[in-house]
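1. using only what follows, build the 3D model:
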Amino acid sequence: MPLRDPAFDQSEFVLVFEDRFLGMQEKSFNDFRATDDDWFPFHRIWQFKRRGEVVWDREKRINILDQIAANSTKGK
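-> Reported below is the predicted structural model:
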């Protein structure tokens, strides 16, 4: 998952995903756990948001995660 990169502050991100029974849901990245007990397929993830802004959208083909990572490493 791209947000496992140490260039990202994971606490700033929210995942938007489709639950089979509840529909579209949002969950903070820190609360998201891809363990055997709480796993769902990546194809159910529709968006990543950072500070409320969509930074990755599967349907609209938005992906500014690389730009965010590049900007966060400039000061290092």
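2. now do the SS call for the spatially most central residue of the chain.
-> Per CA atoms, centre = their mean, the C-alpha nearest to the average position across the chain is that of residue 48, at 3.5 Å. Look at residue 48: counting by DSSP: H, G, I helix; E, B strand; the rest coil, its state is strand.
3. can you tell me the closest non-neighbouring residue to it?
-> Nearest residue to residue 48, sequence neighbours excluded (CB to CB, 6 or more residues apart in numbering): residue 56, at 4.1 Å. The way it works is simple: take the backbone N, C-alpha and C, and place the C-beta from them, glycine included.
4. so who does that neighbour touch?
-> 2, 47, 48, 62, 63, 64, 65 (CB atoms under 8 Å, 6 or more residues apart in numbering).
5. which strands border the helix or strand where it lies, and is each parallel or antiparallel?
-> According to DSSP states H and E, residue 56 maps onto strand 53-57. Sheet pairing of strand 53-57 (DSSP bridges) gives strand 45-50 (antiparallel), strand 62-63 (antiparallel).
6. check which residues of stretch 49-62 are buried.
-> Counting neighbours by 16 or more other CB atoms under 10 Å, one finds that the buried residues in stretch 49-62 are 49, 50, 55, 56.
7. and if you look at stretch 18-30?
-> Across stretch 18-30, burial judged by 16+ other CB under 10 Å covers residue 29.
8. contacts for that stretch, please.
-> With CB under 8 Å, 6+ apart as the test, stretch 18-30 has contacts from 3, 10-11, 13-17, 40, 44, 46, 48-49.
9. can I have the buried ones of the residues you listed as a ChimeraX selection?
-> Applying 16+ other CB under 10 Å to these, the buried members can be selected in ChimeraX as follows:
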select :3,13,14,15,16,17,46,48,49
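10. so which of the contacts of stretch 18-30 belong to helices?
-> Among the contacts of stretch 18-30, DSSP state H puts none in helices.
11. okay, the contacts of stretch 18-30 in JSON lines with distance to residue 31 next?
-> Below are these laid out as JSON lines (distance: CB to CB, whole Å):
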{"residue": "3", "distance to residue 31": "13"}
{"residue": "10", "distance to residue 31": "10"}
{"residue": "11", "distance to residue 31": "10"}
{"residue": "13", "distance to residue 31": "11"}
{"residue": "14", "distance to residue 31": "9"}
{"residue": "15", "distance to residue 31": "9"}
{"residue": "16", "distance to residue 31": "13"}
{"residue": "17", "distance to residue 31": "12"}
{"residue": "40", "distance to residue 31": "14"}
{"residue": "44", "distance to residue 31": "16"}
{"residue": "46", "distance to residue 31": "17"}
{"residue": "48", "distance to residue 31": "14"}
{"residue": "49", "distance to residue 31": "14"}
